[in-house]
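Participant: Turn this into a model:
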Amino acid sequence: MEVRASLQNYRISAQKARLVANQVRGKGVEEAIDTLSVSQKKFAGPLSKLLRSAVANAENKNDDQHAGIEVDNLVVKTITVDEGPSMWRIRPRAQGRASWVQKRSSHVTVVLTER
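Facilitator: Residues are numbered from 1 along each chain as shown. Modelled structure (predicted):
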């Protein structure tokens with residue numbers, strides 16, 4: 001049985017988020033959270049929180065639907081990091097000019113399944 005959680009419009013580029021997501025793909029949930037707790041990347045904290053949210057979704061699904069999911073045996077099946085909308089800002093430059101700066105965001109989806 002699969003359980004999913006998603007994070008929308010998080011203000012980090014998808015390229016930087018994928019570096020962290022690749023570290024935990026395919027691992028058990030406890031091992032993934034331990035890996036993220038020692039990571040120095042900015043996205044490690046929000047991804048750890050998202051994994052805990054997916055585990056809570058599994059527990060909630062057990063309570064509501066009697067799904068029979070073993071929370072201890074959950075594994076990260078897939079993590080997808082997609083590009084979200086970009087914000088455009090103007091940065092002042094020399095001699096009265098301006099340049100555009102693109103502030104990127106990303107959408108992250110985590111799918112957990114049993115071993």
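Participant: Low-confidence stretches in the protein?
Facilitator: For the chain, no stretch is flagged by pLDDT under 70.
Participant: So which bits of the longest helix seen in the chain are buried?
Facilitator: Using DSSP state H, we find that the single longest helix of the chain is helix 44-65. The neighbour-count check on helix 44-65 (16 or more other Cβ atoms under 10 Å) flags 44, 46-48, 50-51, 53-55, 57-58, 61-62 as buried. Yep, even glycine has a C-beta here, placed from its N, CA and C like the rest.
Participant: Now do that helix: distance to the chain's middle.
Facilitator: 12 Å (Cα atoms, centre = their mean, to the nearest Å).
Participant: Report the buried residues of whichever helix or strand comes after it.
Facilitator: Downstream of helix 44-65, the first helix or strand assigned by DSSP states H and E is strand 74-83. Residues of strand 74-83 classed as buried: 74-76, 79, 81 (neighbour count, 16+ other Cβ under 10 Å).
Participant: What is the nearest of those residues to residue 14?
Facilitator: Ranking the buried residues of strand 74-83 by separation from residue 14, with Cβ to Cβ as the measure, puts residue 81 on top at 5.0 Å.
Participant: beta partners for that closest one?
Facilitator: residue 108 (DSSP bridges).
Participant: Hmm, residue 106 and it touching each other?
Facilitator: Yes: Residue 81 is within contact range of residue 106, at 5.6 Å (criterion: Cβ atoms under 8 Å).
Participant: Which residues are in contact with each of those two?
Facilitator: Residues touching both residue 81 and residue 106 by Cβ atoms under 8 Å, 6 or more residues apart in numbering: 14, 17.
Participant: among the buried residues of strand 74-83, which two are most distant?
Facilitator: 74 and 81, at 19.8 Å, using Cβ to Cβ across the buried residues of strand 74-83.
Participant: Tell me the one of the buried residues of helix 44-65 nearest residue 112?
Facilitator: Closest to residue 112, out of all of the buried residues of helix 44-65 and judged by Cβ to Cβ, is residue 54, at 5.0 Å.
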